[in-house]
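Q: Can you look at this prediction? I've put the sequence above it.
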Amino acid sequence: MKYIVICSTLFVIGSLVGWVIELFFRRFVSQKKWMNPGFLTGPYLPVYGFGVLALYVISNIPLNIEIAAIDIIIRILIIGVSMTLIEFIGGLIFIKGMGIKLWDYSNRKGNVMGLICPSFSLIWLLIGSLYYFLLNPYLVIGISWISENLIYTFFIGIVIGMMVVDLAYSIHLATRIKEMHATNQVRFEELKKEFKDKIKSLQKREN
């Protein structure tokens with residue numbers, strides 16, 4: 001039960017914090033506008049939830065390496081590879097399963113299917129390093145405290161329930177979108193922009 005609570009809490013924290021990070025990244029770096037960065041309607045990105053789970057496990061699992069410096073280097077490298085794999089698998093699931101491309105790195109050098117690229121793998125490596133050195137010790141303490149005070153798991157359960165409902169709705173919506181478009185693959189960001197432009201056009205007509 002304790003491990004289920006820990007994994008659930010980490011997943012929810014990662015999903016919520018990841019959504020906030022992506023929200024500001026798209027506003028000030030990529031799209032230069034406020035927009036929901038996720039596939040789901042609500043403020044959570046499950047891929048970041050899995051990412052935080054991976055960070056937590058890799059940072060705390062014993063590697064039985066006697067030399068501390070080598071232990072740290074290997075952990076950081078594993079973190080970078082794991083985060084890149086999570087991003088790739090997450091993007092691939094949507095492309096193969098629903099024909100939707102949630103992000104596109106096609107314009108970046110060394111990209112693979114537009115889902116991963118060396119520049120973002122380096123970013124994940126740096127983020128993973130910051131997590132390992134700065135956040136992990138505090139997160140371990142916080143998660144242990146939550147797991148011993150099960151009343152807080154009630155709120156975690158509510159968020160996960162909302163995410164499940166949201167996922168079912170979003171999958172249904174994605175299926176309808178795929179049926180409406182003749183192309184085999186839909187770029188999700190372009191689609192959201194298209195919907196937003198149509199809404200603005202309708203508002204102008206009403207005014």
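A: Received it, and whenever you're ready, just let me know what you need.
Q: now the one helix or strand residue 171 maps to, how far from the centre of its chain.
A: Using DSSP states H and E, the element containing residue 171 is helix 153-180. Relative to the mean C-alpha coordinate of its chain, helix 153-180 is positioned 15 Å out (C-alpha atoms, centre = their mean, to the nearest Å).
Q: Now do whichever strand or helix holds residue 78 and helix 153-180, the angle between them.
A: Secondary structure assigned from DSSP H and E places residue 78 in helix 68-98. Here helix 68-98 points in a direction 50 degrees away from that of helix 153-180 (axes from the mean of the first three to the mean of the last three C-alpha atoms, to 10 degrees).
Q: Return the set of buried residues in helix 68-98.
A: Neighbour-count burial for helix 68-98, with 16 or more other C-beta atoms under 10 Å as criterion, is recorded at 75-76, 78-80, 82-84, 86-87, 90-91, 94-95, 98. Where C-beta positions appear, they are placed from N, C-alpha and C, glycine not excepted.
Q: can you check stretch 151-162 too?
A: Quick answer for stretch 151-162 (16+ other C-beta under 10 Å): 153, 156, 159-160.
Q: If we only consider those residues, which is nearest to residue 9?
A: Set against residue 9, the nearest of the buried residues of stretch 151-162 by C-beta to C-beta is residue 156 (5.5 Å).
Q: helices or strands up against the helix holding residue 78?
A: helix 46-60, strand 100-101, helix 118-130, helix 153-180 (3 or more C-beta pairs under 8 Å, 6 or more residues apart in numbering; DSSP states H and E).
Q: which one of those lies closest to residue 142?
A: helix 46-60 (11.1 Å).
Q: Would you check how far apart residue 112 and residue 89 are?
A: Counting by C-beta to C-beta, to the nearest Å, the gap from residue 112 to residue 89 is 12 Å.
Q: now swap in residue 142 and tell me
A: Shown here: residue 142 relative to residue 89, a distance of 28 Å by C-beta to C-beta.
Q: still on that earlier bit, mean pLDDT for the helices and strands packed on helix 68-98 - can I get that in TSV?
A: Written out in TSV, the entries for the helices and strands packed on helix 68-98 read as follows (pLDDT from 0 to 100):
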stretch	mean pLDDT
helix 46-60	95
strand 100-101	80
helix 118-130	95
helix 153-180	82
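Q: Now distance to residue 66 too, for the ones you listed, in CSV please.
A: CSV is the format used below for the helices and strands packed on helix 68-98 (distance: least, C-beta to C-beta, whole Å):
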stretch, distance to residue 66
helix 46-60, 18
strand 100-101, 45
helix 118-130, 22
helix 153-180, 37
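Q: And for residue 176, the neighbour number?
A: By other C-beta atoms under 10 Å, the residues close to residue 176 number 10.
Q: actually residue 43, not the one I wrote
A: In terms of burial, residue 43 registers 17 neighbours under the definition other C-beta under 10 Å.
Q: distance of it from residue 120?
A: 22 Å.
Q: go on, residue 135?
A: Plainly put, residue 135 is 20 Å away from residue 120 if you go by C-beta to C-beta.
Q: Kindly report the same for residue 141.
A: As defined by C-beta to C-beta, residue 141 lies at a distance of 30 Å from residue 120.
Q: Please apply the same query to residue 126.
A: The span separating residue 126 from residue 120 equals 10 Å under the rule C-beta to C-beta.
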